[in-house]
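1. Need a 3D model of the sequence below.
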Amino acid sequence: MKHLLPLCCLALILSCSGRNNDAAENAANDVIVSGDTLAVNPQSSMVSRIATAPVTKEFYEPTITTTGVVTAIPSAYAEVASPFAGRVQRCLVRIGQRVAAGTPLFEIHSSEYSEVVKNYRQSVSELDVAKKTYDRAKNLFDNKVASAKDLEEAQATYNHALEEYRHAEAVAKEFQIDLKRAEVGQPMVVRSPIAGKVLKNDLVIGQFIKEDAEAPIVVADLSKVWVKANISEKEALMMDGVSDVELSLVANPDSLFHGKVVYMGEMLDPETRTRQTIIECPNPKGTMLPNMYSHMQIRCTGHEYVVVPKSAVLQADTNRYVLRKVADNTYLRTPVTVSSLDNDRMIVTNGLSEKDEIIIEGAFYLIDSK
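-> The predicted model follows:
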């Protein structure tokens, strides 16, 4: 009798083990997987746990909420430096002053500047002499007084003088020298290239400025500004035909501005998976300053979007997918691009069409199917 109980227990354990193996085998036969296709056994209890429905479309006006950074518009922003090393003689503007394009900003004494002006003036003089010599030689040749050789020499001298003049002129223009006013020995007048307000002025009378020194004066027109934001890959798909952008400054949440999208990047940042987006915004009072942070709501043009329950969307290692019905009890893993709509639904911007039918309940039973 001492050995009877262990033998009974052994029989019971073996019996239970056999039933568990049968259950595991039946479970393994519930779903047959071939690639991304999952076929559920019609006799499986899993069939009653799965609910499907055709996808539907709804009219929706997406609103994208994000943040951005205020910047000056590049064409309305100038960092003004001296093109030559030299000593500052006069500063002609003050911080906050409005200036027009061409307004004198400061004067600087520079030997390099004087040399460029000298070369230009000399080239003008030599070209004038060469032109007169050539015209005289041509006239004499036409009257058969001078030889062809004399004319050729005069022509060569003129061509050389012309090349020297063009070179000197190009150098002067490269350094934005006003050739009508520049004189040898006089200080160079540095002028504003744009109209705007002087935002920075670090000039000190008598200081020596090197050629590679940081620009001492900044001029910008901030009547309009750009706000740069990075829009996620999936949200960017909804921004075709943006109707309005509403902005407020982080430093002043009660502020309200309106802008428009003027540029969306043609490349996706490989690390953040975002597209740079630029919003142009009127700034008549100058409230929005460069480097300020801004909250923004981008109201996109309304469209009909495919809408699905959140329970239908599953997460894989690298993407999201739904189980799309392709035959009775047969489903295909279909990658989708989605965006949240509310607590229970999601917008599908890519991957499904209105005619598709998907699992809306019980999809998680098939997640571990291999």
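
2. Just give me the neighbour total for Val40.
-> With neighbours defined by other C-beta atoms under 10 Å, the count for Val40 comes to 21. Every residue, glycine included, has its C-beta placed from N, CA and C.

3. Next: Gly196.
-> For Gly196, which is what you asked about, the neighbour count (other C-beta under 10 Å) is 23.

4. thought Thr277 was touching Tyr263?
-> Yes: counting by C-beta atoms under 8 Å, Tyr263 is a contact partner of Thr277 at 7.1 Å.

5. the more surrounded of those two?
-> Set side by side, Thr277 and Tyr263 give different neighbour counts by other C-beta under 10 Å, the larger being at Thr277 (25 against 13).

6. Let me see the contact set for that one.
-> Contact analysis of Thr277 by C-beta atoms under 8 Å, 6 or more residues apart in numbering lists 228-231, 236, 239, 261, 263-265.

7. for the residues you listed, which one is nearest Ser125?
-> Minimum separation from Ser125 among those (C-beta to C-beta) is found for Tyr263, which lies at 49.7 Å.

8. Quick check, that closest one in contact with Ile278.
-> Yes: with contacts defined as C-beta under 8 Å, Tyr263 counts as touching Ile278 at a distance of 4.2 Å.

9. Check which residues of the lengthiest strand in the chain are buried.
-> Secondary structure of the chain per DSSP state E: the longest strand is strand 252-264. Along strand 252-264, the positions that meet the burial threshold by neighbour count (16 or more other C-beta atoms under 10 Å) are 257, 259, 261.

10. So which residues make contact with it?
-> Contacting residues not belonging to strand 252-264 are listed as 226-227, 231, 236, 239, 242, 244-249, 275-283, 287-288, 294-295, 298 [C-beta under 8 Å, 6+ apart].

11. that older thread, which of the contacts of Thr277 are buried?
-> Of the members of those, the ones counted as buried by neighbours, 16+ other C-beta under 10 Å, are 229-231, 236, 239, 261.

12. Check the burial of Ala213 by counting its neighbours.
-> Quick note: Ala213 (other C-beta under 10 Å) scores 13 neighbours.

13. Next one: it relative to Val116, how far apart?
-> Separation of Ala213 from Val116 (C-beta to C-beta, to the nearest Å): 19 Å.

14. sorry, back to before: may I see the buried ones among the contacts of Thr277 organised as TSV, with distance to Val31 added?
-> As requested, these are arranged in TSV below (distance: C-beta to C-beta, whole Å):
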residue	distance to Val31
Ala229	44
Asn230	41
Ile231	39
Ala236	37
Met239	40
Val261	47
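
15. Looking at these, spot the one nearest Ile73.
-> Val261 (14.4 Å).

16. partners of the closest one in the sheet?
-> Under the criterion DSSP bridges, Val261 forms beta bridges with Ile279.
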